[in-house]
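Asker: Sequence plus the predicted model coming up.
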Amino acid sequence: MNAFWTALLTQAIKALAGAVVWEAALDAVTALLDARLPGEEKRKLAKAKLREAFAHVPSRLLNLVIEVAVLKATPR
């Protein structure tokens, strides 16, 4: 994805979920990036960590935040 669109999507996620949720998701995804686990297991771990901290955030929004964090954290 083009850097412009990635930056725009990141700003939209920060506005929707909040900068604190975004930073926590990016940290969780980055920490699991090199783990020797299947992608689905990494997703479950990241979502569980975020669910603990942000119980008020809807599950679908957390999923979106995680997906964008993966896009941002994955080397191109």
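Answerer: Looks like it arrived, so ask away. Everything numeric in this text was worked out from a predicted model, so none of it was measured. Residues are numbered from 1 along each chain as shown.
Asker: what's the residue nearest the centre of the chain in contact with, if anything?
Answerer: With distances taken as C-alpha atoms, centre = their mean, I66 lies nearest the centre of the chain, 2.5 Å away. Taking C-beta atoms under 8 Å, 6 or more residues apart in numbering, we find I66 in contact with A25, A28, V29, R43, A46, K47, L50. All C-beta atoms are positioned from the backbone trio N, CA, C, and that covers glycine.
Asker: switch the cut-off to 7 Å
Answerer: A25, V29, R43, A46, K47 (C-beta atoms under 7 Å, 6 or more residues apart in numbering).
Asker: Now do the helix or strand that the second one is a member of: which elements does it pack against?
Answerer: Read it as V29. Secondary structure from DSSP states H and E places V29 in helix 19-32. Under the contact criterion of 3 or more C-beta pairs under 7 Å, 6 or more residues apart in numbering; DSSP states H and E, helix 19-32 touches helix 39-53, helix 59-73.
Asker: let's go with 10 Å and repeat that
Answerer: Judged by 3 or more C-beta pairs under 10 Å, 6 or more residues apart in numbering; DSSP states H and E, the packing partners of helix 19-32 are helix 3-17, helix 39-53, helix 59-73.
Asker: mind checking which of those helices is nearest L33?
Answerer: Closest of those to L33 is helix 59-73, at 5.8 Å (criterion: C-beta to C-beta).
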